[in-house]
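Q: Next one to model:
(2 chains)
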Amino acid sequence: MREPLVEFTDFSFQYKSQTQETLHHINLTIYKGEKVLILGPSGCGKSTLANCVNGLIPFSYPGKITGSLKVAGVETKEASILEISKHVGTVQQDTDAQFVGLSVGEDIAYALENAAVPRSEMLPKVEKAATIVGMEDFLIQPPFELSGGQKQKVALGGILHDEEELLLFDEPLAALDPAMGMTAVDLIDRIHREQNKTVMIIEHRLEDVLYRHVDRIILMNEGTILMDATPDELLSTGLLKENGIREPLYISALRNAGIRFKPGEHLENIEELDIGSYRAPILNEMEVSKPYDAPEGGEVLIEAEHVDFSYGNGKVLDDVSFTIRRGEKIAIVGKNGAGKSTMARMLCGIIRPQAGEIRIKGDNYLKFSIREIGRMIGYVMQNPNQMLVKDMIADEIRLALNLNGVEKDVADQRVEATLRMTGLYSMRNWPVSVLSYGQRKRVTIASILALQPDVIILDEPTAGQDYSHYTEIMSFLEMLNREYDITILFITHDMHLAIEYTDRAIVFADGKCIADNYVSTVLSDKQVIEQANLKETSLVLLARQVGADPDLFIRHFIEREREERKNGLN
Amino acid sequence: MDLTKRLFINIIPGTTFLDKLTGKTKIRLFFLLVLILIATWDMRILAPVCLIGIIGLISIRPNPKTVMGLTVFIVLVNLFNLFLIWVVTPDYGASIVGGSTLLLRLTDRYIITAETLWYFLTRFTKFMATFFVSLTFIQCITPSEMAAGLYANGISYKISTIVSIAFRYIPEIARDFSDIKISMQARGMELDSRKTSLWTRLKQNVMILAPLIIVSFDRVGNIADAMDLRGFGRGKKRTYYAEHEDTKGDKIVAVINVLLILAFVAILIGRIFFPGTYQVWAPWINA
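A: Numbers count the residues shown, from 1 in each chain, chains lettered A, B, ... in the order given. Have a look, this model is predicted:
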């Protein structure tokens, strides 16, 4: 008999500050030893569900609860968060904020410290937990020098001290590059099996989570549970796309080839697909469709030649050269710390090359000030909250023009044009504070576009966003590129983004530019993928299994997706 | 990390004798030494404490560059301060040391007396001693040890936690600030002091504060959640990973601390019951 650990019975929740319920009549049981994925788009209630389980609701976020939720047999609305935190260990999304200690050891010990465990018992426990997550050699390291993946491991170590039965992961992949994400999924899986823990993962990046088996997937939308099924069952339905979740790429590719899935088909793991029956339709599809051809760029805008840069002890950029032409869409990819952000800062002129040369439209850019460069190359930061300084949308967009001393008449015209171009005109007098995250992002992009730059650089434009918001922002950028011929550089580690929305990838590893080619070519190159901490996409695996050329297969896939998007838009 | 270096903070504990003491002992030692320095103007006490401060500082082998820079700065500020006192009251020593032994007369008003010089020397020694003791303390204690030490000395852990949390997140806020500044520069904000007036730069910095505050509030919310989720505030008591058991060194310093308490009491008794005519002791005046 399976023993329930989490039991929602006709459970509803409404935040104190909201007028409607966020969760409606949830019935869900999670049994001891299970590994469950809670899947759904942003705002579907999955994070709220998680916060109900770990006790933050109603402890830190008060509201109205009806129905019942029992965690380890305890009714949560009657228990304290302290009691619940003994049973539930949570790894939050923000790897940085949750690192409370000043060293790895101290952070892993944090829950023990709070429980007043004597230090003599604490040390072996910390040692043990650190060893499980592979951080035992870093115990005295302060957080400032750790990568996102390492911080996450530490957070995980901090909840592995025997007591916690349920491990809850809130969007564990949001801040990690693809290879780190794979490591994280693998680690969660290992701990689930070896430490006998029950695991709940909250994510919208389905394909990445499915890198390791999960027992059940709970699909949520609009505060209710739509489906509670095995991965195979869920993948064979069309529910994912309808509810704003990205299907695994290989599943989309199979659908594109006209394959209909039968009940009971193995779909969760690409290695276990019944490839024999798919081969013919896939190869046939490649015969009849045409592959994507990246357009030629226009005139040369930016040339980097043998650029070097170092911060004190190490080279961050080492002999980097590339050329960017008008109208291109380029992904700058590579692992964290490989030099991507440094390159972006350098293109904006915040830092300048210590050797080598950068030319903008043929002129050595050393003669331009940061402000002058800003009129040619715009920079959009990852977190829009870091960029918004004005109360009103129109003022925010006007700010850069004022700072650049543009005359009032011209500025008025440009603000209006920018508002129309970005679809913000009807909202021009709205306060920025009422906007959603995606709308804020759009405002920050608009505030850069007001300067009419030739190139805009976007740092992780889709980080922390679900598929539908992601699609919205990326389609918007695609439109800017198509209609206004704006050159766009994406700094990203999202391979889906690179495949779907860019033509070319410049790949960084350890400060060097190790590849500069079509996205499809780069992603088919095993060596590049390994060096740059990227993840081999499932399209490449599928192509190999059916005996197609991966590069060509990806190009067919891209063409199909772009066609669909175009038809979807019109 | 840059910022913690600029604040002369160490996050990773060192390995010398002073470094290896517990936070509890370090705080007691520091507190007592500062108390004594505040209580006395007697060179016979100040000079040895100053020497102890210097030896302590050297013993923890700090980065000589930063220490030298800071020391020179403090010495200059101090000398300037003394100079100003002299400019305002050239015969300051008369009232505070007693007597006016003329050494040099520059003008009618501006004279140099042995008493004033002695007072200046005492005052200089007192400030430098406080500086060396404080710098040694700051350099040899990590924020975690500080939090643990405050707690061990009877301060509520909810208050002492503020110390470690502050040092944990100040560098992050500094990073946010520099990120925001960069994006504003790219949008055309001129921060070069040669090209913009002080007033404009001030206004621009205020503008950067708005997003910084919003981003920081987001972070504070997340930190509070993280602490709640791991049982912060669970009980009245708390233990500290950073606070190791007493070592032999702690026992030695504990004895020293008792002696310092006795010395402090003696100084107090001396000042209360034998106040003397003048505030500052000088070897040639038997008061």
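
Q: and stretch A:365-380, is it in reach of chain B?
A: Yes. Part of stretch A:365-380 sits near chain B under the criterion C-beta under 8 Å from any C-beta of the partner chain, namely A:Ser369, A:Ile370, A:Arg371, A:Ile373, A:Gly374, A:Arg375, A:Ile377, A:Gly378, A:Tyr379. All C-beta atoms are positioned from the backbone trio N, CA, C, and that covers glycine.

Q: For that stretch, which outside residues touch it?
A: A:301-302, A:344, A:347-350, A:352, A:358-361, A:387, A:400, A:403-404, A:441, A:444-445, A:448-449, A:451-459, A:461, B:182-183, B:185-190 (C-beta atoms under 8 Å, 6 or more residues apart in numbering or on different chains).

Q: quick one, what contacts A:Gln452?
A: A:Arg375, A:Arg414.

Q: With adjacent residues omitted, what lies nearest to A:His493?
A: Distance criterion C-beta to C-beta, 6 or more residues apart in numbering or on different chains; nearest residue to A:His493, sequence neighbours excluded, is A:Asp177 at 4.0 Å.

Q: got a list of what that neighbour touches?
A: Applying C-beta under 8 Å, 6+ apart, the residues contacting A:Asp177 are A:Gly149, A:Lys335, A:Asn336, A:His493, A:Asn533, A:Leu534.

Q: cool, and B:Trp41?
A: Contacts of B:Trp41 by C-beta under 8 Å, 6+ apart are B:Thr122, B:Lys126, B:Gln279, B:Val280, B:Trp281.

Q: Format the residues you listed as CSV; extra columns: pLDDT.
A: Converted to CSV, those look like this (pLDDT from 0 to 100):
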residue, pLDDT
B:Thr122, 94
B:Lys126, 96
B:Gln279, 78
B:Val280, 84
B:Trp281, 83
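
Q: Quick check: buried residues in the host helix or strand of A:Tyr470?
A: A:Tyr470 belongs to helix A:467-484 when assigned by DSSP states H and E. Buried residues in helix A:467-484, counting neighbours by 16 or more other C-beta atoms under 10 Å in any protein chain shown, are found at A:467-474, A:476-478, A:480-481.

Q: re earlier: export the contacts of B:Trp41 to TSV and tack on distance to A:Ser103, secondary structure and neighbour count?
A: Converted to TSV, these look like this (distance: C-beta to C-beta, whole Å; DSSP: H, G, I helix; E, B strand; the rest coil; neighbours: other C-beta atoms under 10 Å in any protein chain shown):
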residue	distance to A:Ser103	secondary structure	neighbour count
B:Thr122	42	helix	23
B:Lys126	36	helix	23
B:Gln279	47	coil	16
B:Val280	46	coil	22
B:Trp281	46	coil	19
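
Q: Quick check, the residue in the stretch 1-150 of chain B closest to chain A?
A: As assessed by C-beta to the nearest C-beta, chain A sits closest to B:Ile11 within the stretch 1-150 of chain B, at 4.3 Å.

Q: what's around that residue, how many residues?
A: By other C-beta atoms under 10 Å in any protein chain shown, 21 other residues sit near B:Ile11.

Q: roughly how far apart are the residue nearest to A:His493 and chain B?
A: Distance of A:Asp177 to chain B, computed by C-beta to the nearest C-beta, to the nearest Å: 19 Å.

Q: so where is the chain shaky, pLDDT-wise?
A: All of this is about chain A. A:1, A:464, A:568-570 (pLDDT under 70).

Q: switch to chain B, that's the one I care about
A: Those would be B:1-7, B:286-287, if you go by pLDDT under 70 across chain B.

Q: Okay, domains of it per the record?
A: B:1-142+B:245-287, B:143-241 (automatic domain parsing).

Q: Show me the one of those domains that comes nearest A:Arg504.
A: Taking C-beta to C-beta, domain B:143-241 is the member of these nearest to A:Arg504, at 23.3 Å.

Q: Please save the CA atoms from the helix or strand just after the helix holding A:Tyr470 in PDB.
A: Downstream of helix A:467-484, the next assigned helix or strand under DSSP H and E is strand A:487-491. C-alpha atoms of strand A:487-491 as PDB (Å, rounded to 0.1, in the frame of the first residue of the first chain):
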ATOM      1  CA  THR A 487      20.200  43.600 -36.300                       C
ATOM      2  CA  ILE A 488      19.700  41.600 -33.200                       C
ATOM      3  CA  LEU A 489      22.300  39.800 -31.000                       C
ATOM      4  CA  PHE A 490      20.900  37.500 -28.400                       C
ATOM      5  CA  ILE A 491      23.100  36.500 -25.500                       C
END
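
Q: for strand A:487-491, packing partners?
A: Applying 3 or more C-beta pairs under 8 Å, 6 or more residues apart in numbering or on different chains; DSSP states H and E, we find strand A:487-491 packed against strand A:314-325, strand A:329-334, helix A:340-347, strand A:455-459, helix A:467-484, helix A:495-501.

Q: List the contacts of that strand.
A: Applying C-beta under 8 Å, 6+ apart, the external contacts of strand A:487-491 come out as A:297, A:301, A:324-332, A:340-341, A:344, A:347, A:454-461, A:477, A:480-481, A:497-498, A:501-502.

Q: one more time with 7 Å, if that's ok
A: For strand A:487-491, the external contacting residues (C-beta atoms under 7 Å, 6 or more residues apart in numbering or on different chains) are A:301, A:324, A:326-332, A:340-341, A:344, A:454-461, A:477, A:481, A:497, A:502.
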